[in-house]
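Student: give me a model of this one.
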Amino acid sequence: MAQYQDFAYVYDRLMHEDIDYDKWCDYIENLFTLHGVSPDTLCELACGTGNMTCRMEKRGYEITASDISSDMLSIASEKLDNTELICSDMSKLALSKKYDAFLCMIDGLNYVITPKAVLDTFINVKKHLNDGGVFVFDVSSRYKLKHILGNETFIHSEYDVFYSWQNRFMEKHNLSDMLLNFFVRNGDAYDRFEERHLQRGWSEKELTKMLKKAGFTEISVYDELKFIAPNPESARLVFVCK
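Tutor: As a prediction, this is how the structure comes out:
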């Protein structure tokens, strides 16, 4: 069961209340300033429907953006003017040039569930970073996947869309198994579809070890949308790597 196919076409409607993309873009630029970088070129991994991408494009960055879902990229293309889009698994992304910065935001790396694929992603990013460049990414924390989402079911209902989101946390592998069922109004009837998503709860220690193995020597970790270190109950970790 593929991820982000039919879901791609209702994603923006369902996520717009949960994610303040302008605030995230401000935060990313503040992280650039804090870490002494002024990038002109960006490569964004797991760009989804381009909500972050289009905002960074309007702020003047030259961007290449990638996602594994062609459906998500189809929607992103409608929002963008000059951004190059590539459909690819981020661990196998083929790039022909280097960039001043890489971004991978809003859970993108949680979908990479094997250590080898994460390490391959980090090595590839490091290989394609200009000297002095920076890699900024976030992950939903293991605490969030286990204790906040856990084995819970969430329901969302509007006039023309209804969905249920059932979670099962598999502690042995630190995996969150998410089953989403959608009913989307189509005239006088509803179209039903479902998707299954797997996310891995990577720890700060695991990711830091792999980042160092990939060649990153300066690694800072922050709490979500803050400039302080995360605590054991932080829902999201933000990494800034050079």
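
Student: only C-alpha atoms for contact and neighbour calcs from this point on.
Tutor: Fine.

Student: so where's the chain uncertain?
Tutor: For the chain, residues meeting the criterion pLDDT under 70 lie at 1-17.

Student: and the helices in it?
Tutor: 8-15, 21-34, 51-58, 70-77, 115-127, 142-143, 204-213 (DSSP state H).

Student: kindly reformat those as a markdown table containing distance to residue 93 and mean neighbour count.
Tutor: Below are those laid out as a markdown table (distance: least, CA to CA, whole Å; neighbours: other CA atoms under 10 Å):
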| stretch | distance to residue 93 | mean neighbour count |
| --- | --- | --- |
| helix 8-15 | 21 | 14 |
| helix 21-34 | 23 | 15 |
| helix 51-58 | 18 | 20 |
| helix 70-77 | 14 | 20 |
| helix 115-127 | 8 | 19 |
| helix 142-143 | 26 | 22 |
| helix 204-213 | 17 | 15 |
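
Student: want to throw those helices into a markdown table with distance to residue 197?
Tutor: Converted to a markdown table, these look like this (distance: least, CA to CA, whole Å):
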| stretch | distance to residue 197 |
| --- | --- |
| helix 8-15 | 13 |
| helix 21-34 | 22 |
| helix 51-58 | 20 |
| helix 70-77 | 15 |
| helix 115-127 | 17 |
| helix 142-143 | 16 |
| helix 204-213 | 21 |
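
Student: which one is the residue nearest the centre of the chain nearest to, not counting chain neighbours?
Tutor: Nearest residue to the geometric centre of the chain (CA atoms, centre = their mean): residue 108, 2.6 Å. Leaving aside its sequence neighbours, residue 108 sits nearest to residue 46 (CA to CA, 6 or more residues apart in numbering; 5.3 Å).

Student: report back the residue of the chain that's furthest from centre.
Tutor: residue 188 (35.2 Å).

Student: who's in contact with that residue?
Tutor: Residue 188 makes contact with no residue, according to CA atoms under 8 Å, 6 or more residues apart in numbering.

Student: all further residue positions should be reported with the first residue as 30.
Tutor: All set: I'll call the first residue 30, so the last point we hit is now residue 217.

Student: phi, psi for it please.
Tutor: phi -90, psi 0 (degrees, to the nearest 10).

Student: mind checking how far it is from residue 188?
Tutor: Residue 217 is 12 Å from residue 188, where distance means CA to CA, to the nearest Å.

Student: go on, residue 271?
Tutor: Counting by CA to CA - residue 271 and residue 188 are separated by 47 Å.

Student: show me which of these two is the more surrounded one.
Tutor: When neighbours are counted by other CA atoms under 10 Å, residue 271 and residue 188 differ, and residue 271 comes out ahead with 19 against 7.

Student: spatially nearest residue to residue 252 (excluding sequence neighbours)?
Tutor: Once flanking residues are discounted, residue 252 sits nearest to residue 259: 4.2 Å by CA to CA, 6+ apart.

Student: and the gap between the residue nearest to the centre of the chain and residue 245?
Tutor: Counting by CA to CA, the gap from residue 137 to residue 245 is 19 Å.

Student: and residue 175, by the same measure?
Tutor: Where residue 245 is concerned, residue 175 sits at a distance of 29 Å (CA to CA).

Student: where along the protein do the strands fall?
Tutor: 70-74, 91-96, 113-116, 128-133, 158-169, 182-186, 190-199, 204-215, 218-229, 248-252, 265-270 (DSSP state E).

Student: fine by me, thanks again.
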